[in-house]
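J.: Got a sequence here, can you model it:
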Amino acid sequence: MLKQGREIKTDISKLFRTSYGTVDTTSLKSIFINLSTWVEPIHEETNWERSVKKVKNKIKHSINNHLLETPFKNNTIVDLDLRPSGIKLGKRSFMRCEITLFLNNMKKLDIKSKEILQATNHLTNKVIEETLLITKTFKFHKSKGK
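T.: Next comes the predicted model:
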């Protein structure tokens with residue numbers, strides 16, 4: 001079986017590794033956006049699970065607020081991978097966020113089309129600016145090293 005997926009790296013942020021892609025380029029039905037970074041808590045927290053859940057909900061709301069401007073449907077899947085059990089003051093933890101978006105069936109688009117590129121970059125920027133960078137809980141770093 002041939003590999004049909006494709007991932008395109010984007011250089012949107014100095015603090016996040018970003019990319020977008022699809023699982024199947026032949027019948028483009030969904031797009032994923034990947035963000036990854038290292039997070040470091042700013043202050044000690046008693047319930048990291050609640051803080052991680054708040055970040056995930058803020059990402060969902062940010063995406064939903066900006067979907068009208070894109071060729072994507074209203075339903076999305078947000079998978080935030082940040083383990084609350086490993087978060088400690090003075091230690092960096094790996095965070096990965098994958099956002100799955102479903103295309104409207106109005107027209108056929110290619111993964112490399114200008115419309116898909118602009119829409120995914122716009123949504124990625126909004127997630128970073130409106131949810132992650134304004135959080136008062138974490139500092140973000142592109143690498144684990146100090």
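J.: For Phe32, which non-adjacent residue is spatially closest?
T.: Spatial nearest neighbour of Phe32, chain neighbours left out: Thr100 (5.1 Å); criterion: Cβ to Cβ, 6 or more residues apart in numbering. Bear in mind the C-beta positions are built from the backbone N, C-alpha and C, glycine included.
J.: Next, count neighbours for the one you found.
T.: Thr100 has 16 neighbours, counted by other Cβ atoms under 10 Å.
J.: so it is in which element?
T.: Secondary structure from DSSP states H and E places Thr100 in strand 93-103.
J.: Give me the pLDDT for Met1.
T.: pLDDT for Met1: 50.
J.: In the chain, where is pLDDT below threshold?
T.: In the predicted model, the chain carries pLDDT under 70 at residues 1-3, 106-107, 146.
J.: same thing but 80
T.: Within the chain, the ranges that satisfy pLDDT under 80 run 1-4, 105-109, 133-134, 146.
J.: Strands along this protein, start to end?
T.: 6-10, 17-22, 30-41, 72-81, 93-103, 138-141 (DSSP state E).
J.: which secondary structure elements does the strand holding Thr100 contact?
T.: Packed against strand 93-103 by the contact rule (3 or more Cβ pairs under 8 Å, 6 or more residues apart in numbering; DSSP states H and E) you find strand 30-41, helix 48-66, strand 72-81, helix 114-127.
J.: Swap in 10 Å and give it another go.
T.: Applying 3 or more Cβ pairs under 10 Å, 6 or more residues apart in numbering; DSSP states H and E, we find strand 93-103 packed against strand 17-22, strand 30-41, helix 48-66, strand 72-81, helix 114-127, strand 138-141.
J.: tell me which residues in the third one are buried?
T.: This points to helix 48-66. Across helix 48-66, burial judged by 16 or more other Cβ atoms under 10 Å covers 48, 51-52, 55-56, 58-60, 62-63, 66.
J.: quick one on the thing from earlier: let's have the strands of the chain in JSON lines, adding distance to Ala119.
T.: Output for the strands of the chain, formatted as JSON lines (distance: least, Cβ to Cβ, whole Å):
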{"stretch": "strand 6-10", "distance to Ala119": "12"}
{"stretch": "strand 17-22", "distance to Ala119": "9"}
{"stretch": "strand 30-41", "distance to Ala119": "8"}
{"stretch": "strand 72-81", "distance to Ala119": "7"}
{"stretch": "strand 93-103", "distance to Ala119": "8"}
{"stretch": "strand 138-141", "distance to Ala119": "23"}
